[in-house]
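Visitor: I need the structure of the sequence given here:
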Amino acid sequence: MKLVVVSKFQPINKIQQLYEVGQRLFGENRPLEMRDKYEILPKDIKWHFIGHLQTNKIKSIISFVNVIESVNSAYLLKKVNDDAASVDRIVDVMLEFHIAHEETKQGFSIEEAKDFLASEKFHSLHNVNVIGVMGMATFTDDKNMVRKEFATLKHYFELLKQDFFEDNLSFQEISMGMSEDYPLAVEEGSTIVRIGTAIFGAREYK
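Guide: I've put the predicted structure just below:
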């Protein structure tokens, strides 16, 4: 189990405090904020991008980001690949799936993902490495709904592993679970949880 500390909107000193007690994985959802923090903080931090990524912002993080968890379309994956190629890197990515009962959430459907992964277009992308899947559950008090959504993502992971990534040892991550629902996510097979509020307290939004 990996803990990605969601450090968006948090000041450098709070991140540094966690770094000093051994935390190395941090998640951000704004590219320019991530870039600014990367430039100041220790370089052995592993940065996960976890938010909606606009294609014109990829270049601001592509030279250092360790994992882009929120790749929610074939178009975005192609753009990440091209920008990674421009700096001679292979970047780990995760496919984000739409598992929530909320239209505002984004991501692949399982059909879209399977069609894309079977395509020549996907096999032409040599500067991205798909290491797993990511999803966000519905924001609700209905624990049964949340549990079913997490189980769905685990099922998608297993389908893709079997059909497309059986020989790819790096395809092993299921990123699901945040401060309000991570215990359910862990029970349903999460390998990465993304925790912010439960660590830092309520954020002061800028």
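
Visitor: when you work out contacts or count neighbours from here on, use the C-alpha atoms and nothing else.
Guide: Will do.

Visitor: can you give me the strands for the chain?
Guide: 2-6, 25-28, 46-49, 67-71, 91-97, 128-135, 173-175, 192-195 (DSSP state E).

Visitor: need the pLDDT of the spatially most central residue of the chain.
Guide: Within the chain, the residue whose C-alpha comes closest to the C-alpha centroid is Glu69; the distance, by CA atoms, centre = their mean, is 2.0 Å. If you check Glu69, the pLDDT there is 98.

Visitor: wait, it sits on Phe97?
Guide: No - between Glu69 and Phe97 there is no contact, the gap being 10.5 Å when judged by CA atoms under 8 Å.

Visitor: between the two, what contacts are shared?
Guide: Between them, Glu69 and Phe97 have Val133, Met134 as joint contacts when contacts are counted by CA atoms under 8 Å, 6 or more residues apart in numbering.

Visitor: hang on, Ala151 packs against Glu187?
Guide: No - taking CA under 8 Å as the contact criterion, Ala151 and Glu187 are not neighbours in contact, 9.3 Å apart.

Visitor: got the CA coordinates for stretch 71-80 in CSV?
Guide: Listed in CSV are the C-alpha atoms of stretch 71-80, where the atom choice follows Å, rounded to 0.1, in the frame of the first residue of the first chain:
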residue,chain,number,x,y,z
VAL,A,71,-5.0,10.3,-17.8
ASN,A,72,-8.7,10.3,-18.8
SER,A,73,-8.6,10.1,-22.6
ALA,A,74,-6.7,8.7,-25.5
TYR,A,75,-6.1,12.3,-26.7
LEU,A,76,-4.5,13.2,-23.4
LEU,A,77,-2.3,10.1,-23.3
LYS,A,78,-1.0,10.9,-26.8
LYS,A,79,-0.2,14.5,-25.7
VAL,A,80,1.7,13.3,-22.6
